[in-house]
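Enquirer: sequence first, predicted coordinates after that:
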Amino acid sequence: MATFTLNVNGAARQVTLEPDAPLLYVLRNDLELNGPKFGCGLAQCGACSVLVDGKEVRSCVTPVSAVAKSRITTIEGLGTLDKLHPLQRAFIEEQACQCGFCGSGMVMAAKALLDRNPAPTNHEIRQALNGHLCRCASHTRIVRAVQRAAKELRA
Amino acid sequence: MSTSRRDFLKTGGALVVGFTLVPRLAGAQPARLPGSLNGNRRLDAWIAIEPNGRVTIFTGKIELGQGIGTALSQIAADELDVELARIDVVHGDTACTPNEGQTAGSLSVEQSGTAVRFACAEARHILLSAAASKLGAPATELKVSDGTVAAPGGASVTYWDLASAADFKREASAKVTPKPASARKWVGKSVGRRDIPKKFTGGAAYVQDLRLPRMLFGRVVRPPSPGATLTAVDEGAVKRLPGVVAVVRDGNFLAVAAEREEQAIRARETLKRTAKWTETASLEPSGDALFRHLMSATAPAHTVVDKTSPIAATPAKTLEAVYTRPYQCHASLGPSCAVAQWQEGALTVWTHSQGVFPLRADLAKAFAIDAKRIRCIHAEGAGCYGHNGADDVALDAALLARAVDGRPVKVQWMRDDEFQWEPYGSAMVMKLAGGVDAQGHVVAWSHEVWSHPHSTRPGSSSGVSLLAARHLAGASPPPPPNDVPQPAGGSDRNAVPLYEFSSVKVVKHFIVDAPLRTSALRTLGGYANVFAAESFVDELAAAAGVDPVEFRLRHLKDPRARAVVEAAARRAGWQPRGGGGPRLRGPHAQGSGFAYSRYKNLACYCATAAEVEVERATGRVRVTRVVAAVDAGQIVNPDGVVNQIEGGVIQSASWTLKEAVGFDRTRVTTRSWADYPILRFDEVPDVEVVLLDQPNERFLGVGEGSQGPAVAAIANAIAHATGTRLRALPFTPERVKQALSAKG
Ligand code: FES
Ligand code: FES
């Protein structure tokens, strides 16, 4: 067991656990964040994606010890119901999901994309999200939502 | 709502409930009531007016991202004259909602929506009568605005003031006529789904997000193959691992609970590595041999329809073709999950099951206790598209929870559990034969289908359908499967043509003995039957030298069917063609295809036109555009319908181009997304949906409407592009390439 002070959504959070515990379970169970989801545990689906120092990372295969000194951002760190981030607003306005289980990972991947490319083409959005699975097949709405958010962020 | 009922909702405790929502009238046969009101006849089973200005709607149908909660709130808001924001919806809870069986078959709006509409219309009537006596004005002169009832003189009273005076503890009469379409404010409007905002802000939206005090994390260790037997396992070693609280071994059922989730996963890995099993080759042959095996299975031929006509003209041309569909997965993005807790001999389960009452019935049988001692509470899971592992994991969690002294246990299946053990959509064979006369009319049509069961859900009168029940030492046999009867049909769903063919025969071979567990996957047999039938319609059209759209219209009388076909063709910019038609050559062959079906022959009408590109060198098929025209009767939430149809088209394209469960004679070899690729962002088509609203017609289910037409339109487009007819799903690059080169 080891104690880590993690920087999650701008706050310092202390956890005591095995250093190789995957970040996903620390976020979900110790810090009670619902955003990142377990989909496969194999880095194949993107449901668990969070940002680590601004880059998209699959938290299901990332040991907590590897991110102890980094800035970790989950969808909870983007905005809240009362103060939505433009990406959250866009996904809600485009009704860009059915079950929504893929949604948090999609939003975080889109955040990483828009941070490096504020005006992506549809093709670039599709490429950036290609490693993310959506079984309900909300893909076209998700692309529209990212475009809508990009527009708002540029304005 | 009674205090106790509201407290159930708040505390979620394991309360033993003694009341029934279905009063049985001795002797007399009660009058038939509309929708699910018929089986849940009390008004207060459906609606409660709260003194605090809220309205609660209770439904037995559960939310699975299809937007049923939002649709029901729209219906209720209209009938009651209240704002949408005042309405809360409680889904599937055996302690306090109506029992509406399964949330399946695209029936939720038809069944629950109809019930809510009549219940709310009647509730409003009761409230108005109470208001009338309070205000001293005739009910007919009262006006309601957002729950405030005003008399002509200006005096007013609110629903919330009347909550105690209005008596809903009575049987619904369904005698109050709901509002006409013209008086509706919410129904017919695209309103944002109520479940979405929390899903994008980290709210607790799913059963996976449920956290209870002292909760443990559980994992199951399934056998390596369906025919395997557990011979040895060192439980003691695993019990000593950090955090492990219990290891449950019962027959071939093996599971572990731990303080932390990653500890449970680690313990599962250790158990997997060290447990000894003997395996047997219990599965069917795979590849093409599977289909020969199905066709030779000893299952009685059951004639579904025999309208062969002796006076039908002799065909000028006849054709015969065999189509196949492999086993396919629901493959929910989030594996199945449940939380269970035992307290004083009573069990509470939080579940994303599609039917909390049938699940409760199976759990009661599995534990041999009274169903009244079990409460099943719905919480959303990842999208499920039918009967997946949701019910099974509930039993897993309950078995683990029984071993840990009152502590709640959350069990989450791992990805390989889900791929290997969810009930699959059955492999199927469809043999079509038919002929056209010299004028290009179908004068002979026969559709023969071979299939395993499509509905082995919980809630059967005998046996336990839950997976772990077959692994326990005192194993309960699974219930004998039944096929869903016509007209909806199961294995033969959509096998009966709705075209005016002068001679029709439909036969099914229902193969009960299924070594791989099969059950309801979106459309049951509909996807494969529409694939076969609508491909064969195109084959006959080509034989007759008639344009596929024209050929369909020629055989369709129902004006609503004709309307969707015409609307899809128009939006797609369909170019009429004769026979095989012109095709573009070059490295990419391009083509377009058309298909039509009415889901279940009873629900929504849907016609699709697909455009594809086939890379001839690799056999890679890209679906570039799909147009779908839909008549779903009266539409509650247009954007919700579009969402369902779009999702159905793309999911169907994924099944069609990519998906098949892999297995050998012993084991399922599909374990991860690497073994079971699905359509990705760079492969999804653009989808355009045309809605033909019918505000004065009844609701027609839409959730499964586009799955069948989409696969057939894609198959027909590939045939158009390449001149080669593909009859075996999925259309993987290898298969397409092989078919193209076989043709030379
Ligand atoms: S859960 Fe991490 S990628 Fe699937
Ligand atoms: S919306 Fe269900 S997986 Fe994407």
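Expert: Structure's in. What do you need? Ligands and ions are numbered 1, 2, ... in the order given.
Enquirer: so for the top helix by length along chain A, mean pLDDT?
Expert: Longest among the helix segments of chain A by residue count, using DSSP state H, is helix A:139-154. Mean pLDDT, helix A:139-154: 98.
Enquirer: give the buried residues for that helix.
Expert: A:139-150, A:153 (16 or more other Cβ atoms under 10 Å in any protein chain shown). C-beta here means a position set from N, CA and C on the backbone, and glycine is covered the same way.
Enquirer: can you tell me how far the residue of the stretch 501-650 of chain B found nearest ligand 2 is from B:Val687?
Expert: Of all residues in the stretch 501-650 of chain B, B:Gly647 sits closest to ligand 2, at 7.9 Å by Cβ to the nearest ligand atom. Distance, B:Gly647 to B:Val687, using Cβ to Cβ, to the nearest Å: 9 Å.
Enquirer: about what we covered before: any chance of the buried residues of helix A:139-154 in CSV, with distance to B:Gly383 too?
Expert: Formatted as CSV, the buried residues of helix A:139-154 follow (distance: Cβ to Cβ, whole Å):
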residue, distance to B:Gly383
A:His139, 13
A:Thr140, 16
A:Arg141, 14
A:Ile142, 14
A:Val143, 19
A:Arg144, 19
A:Ala145, 17
A:Val146, 20
A:Gln147, 23
A:Arg148, 23
A:Ala149, 23
A:Ala150, 26
A:Leu153, 29
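Enquirer: distance of the spatially most central residue of chain A from B:His302?
Expert: By Cα atoms, centre = their mean, the mean C-alpha position of chain A lies nearest to A:Met108, the distance being 3.0 Å. Using Cβ to Cβ, A:Met108 is found at 52 Å from B:His302.
Enquirer: so who does B:Val537 touch?
Expert: B:Tyr499, B:Pro548, B:Phe551, B:Arg552, B:Ala595 (Cβ atoms under 8 Å, 6 or more residues apart in numbering or on different chains).
Enquirer: name the nearest of those relative to ligand 1.
Expert: For these, the nearest to ligand 1 is B:Ala595 (34.1 Å; Cβ to the nearest ligand atom).
Enquirer: what backbone torsions are found at that closest one?
Expert: B:Ala595 adopts backbone torsions of phi -160, psi 160, taken as degrees, to the nearest 10.
Enquirer: which helix or strand contains the closest residue to it other than its chain neighbours?
Expert: Residue nearest to B:Ala595 in three dimensions, not counting chain neighbours: B:Ala712, with 3.5 Å by Cβ to Cβ, 6 or more residues apart in numbering or on different chains. Secondary structure assignment for B:Ala712, by DSSP states H and E: helix B:707-722.
Enquirer: does any part of the helix or strand hosting the residue nearest to the centre of chain A sit near ligand 1?
Expert: Using DSSP H and E, the element containing A:Met108 is helix A:103-116. No: applying Cβ under 6 Å from any ligand atom, one finds helix A:103-116 separated from ligand 1 by no less than 7.5 Å.
Enquirer: tell me which stretches of chain A form strands.
Expert: A:2-8, A:11-17, A:49-52, A:55-58, A:71-73 (DSSP state E).
Enquirer: brain fart, the stretch 551-700 of chain B
Expert: Secondary structure of the stretch 551-700 of chain B (DSSP state E, counting those that start in this stretch): strands at B:588-598, B:605-615, B:620-631, B:686-691.
Enquirer: what is the neighbour count of whatever residue of the stretch 451-600 of chain B ends up closest to ligand 1?
Expert: Going by Cβ to the nearest ligand atom, ligand 1 is nearest to B:Leu521 of the stretch 451-600 of chain B, at 22.0 Å. Residues within reach of B:Leu521, counting by other Cβ atoms under 10 Å in any protein chain shown, total 26.
Enquirer: mind listing the residues bridging to it?
Expert: B:Gly386 (DSSP bridges).
Enquirer: I'd guessed it sits against B:Pro326; true?
Expert: No: counting by Cβ atoms under 8 Å, B:Leu521 sits too far from B:Pro326 to count as a contact (11.9 Å).
Enquirer: tell me which element the residue lying closest to B:Phe510 once chain neighbours are set aside is part of?
Expert: Sequence neighbours aside, B:Asp483 is the residue nearest to B:Phe510 in space, at 4.9 Å (criterion: Cβ to Cβ, 6+ apart). Using DSSP H and E, B:Asp483 sits in no helix or strand.
Enquirer: okay, and B:Ala405 sits in which element?
Expert: Small correction: residue B:405 is Asp, not Ala. Counting by DSSP H and E, B:Asp405 is part of no helix or strand.
Enquirer: what does B:His509 give?
Expert: Going by DSSP H and E, B:His509 is part of strand B:504-510.
Enquirer: same thing with B:Ala495?
Expert: Going by DSSP H and E, B:Ala495 is not in any helix or strand.
Enquirer: list the contacts for it?
Expert: B:Ala495 neighbours (Cβ under 8 Å, 6+ apart): B:Val304, B:Met430, B:His447, B:Val449, B:Gly489, B:Val506, B:Lys508, B:Gly525, B:Asn529, B:Ala533.
Enquirer: name the member of those residues with the most neighbours.
Expert: Of those, with other Cβ under 10 Å as the count, B:Asn529 tops at 32 neighbours.
Enquirer: so it makes contact with B:Gly490?
Expert: No: when contacts are counted by Cβ under 8 Å, B:Asn529 is not listed as touching B:Gly490 (10.5 Å).
Enquirer: what is in contact with the two at once?
Expert: With Cβ under 8 Å, 6+ apart, B:Asn529 and B:Gly490 have no common neighbours.
Enquirer: the one residue in the stretch 351-500 of chain B that gets nearest to ligand 2: what's it in contact with?
Expert: Proximity to ligand 2, evaluated over the stretch 351-500 of chain B using Cβ to the nearest ligand atom, is greatest for B:Gly383 at 4.0 Å. By Cβ under 8 Å, 6+ apart, the contact list for B:Gly383 reads A:Gln98, A:Cys99, A:Phe101, A:Arg135, A:Cys136, B:Leu64, B:Gly65, B:Ser332, B:Leu333.
Enquirer: next one: stretch B:77-89 to chain centre, how far?
Expert: 27 Å (Cα atoms, centre = their mean, to the nearest Å).
Enquirer: got it, and stretch B:489-508?
Expert: 22 Å.
Enquirer: would you mark the buried spots in that stretch?
Expert: Result for stretch B:489-508 [16+ other Cβ under 10 Å]: buried residues B:489-499, B:501-508.
Enquirer: is ligand 2 within reach of stretch B:386-396?
Expert: No: legend: contact between stretch B:386-396 and ligand 2 by Cβ under 6 Å from any ligand atom is lacking; minimum distance shown is 12.9 Å.
Enquirer: residues of the stretch 51-200 of chain B that sit close to ligand 2?
Expert: B:Gly65.
Enquirer: returning to what we had before: if we only consider the contacts of B:Val537, which is nearest to B:Trp160?
Expert: B:Trp160 has its nearest neighbour among the contacts of B:Val537 in B:Ala595, at 51.6 Å by Cβ to Cβ.
Enquirer: outline the domain layout of chain A.
Expert: A:2-77, A:86-154 (automatic domain parsing).
Enquirer: picking up where we left off before, quick one, what contacts the residue nearest to B:Phe510?
Expert: Counted by Cβ under 8 Å, 6+ apart, B:Asp483 has contacts B:Pro453, B:His454, B:Ser455, B:Gly489, B:Gly490, B:Ser491, B:Asp492, B:Lys508, B:Phe510.
Enquirer: what residues does chain A put near ligand 2?
Expert: Counting by Cβ under 6 Å from any ligand atom, chain A sits next to ligand 2 at A:Cys97, A:Gln98, A:Cys99, A:Gly100, A:Phe101, A:Cys102, A:Cys134, A:Arg135, A:Cys136, A:Ser138.
Enquirer: the residues you listed: which ones sit near chain B?
Expert: A:Cys97, A:Gln98, A:Cys99, A:Gly100, A:Phe101, A:Cys102, A:Cys134, A:Arg135, A:Cys136, A:Ser138 (Cβ under 8 Å from any Cβ of the partner chain).
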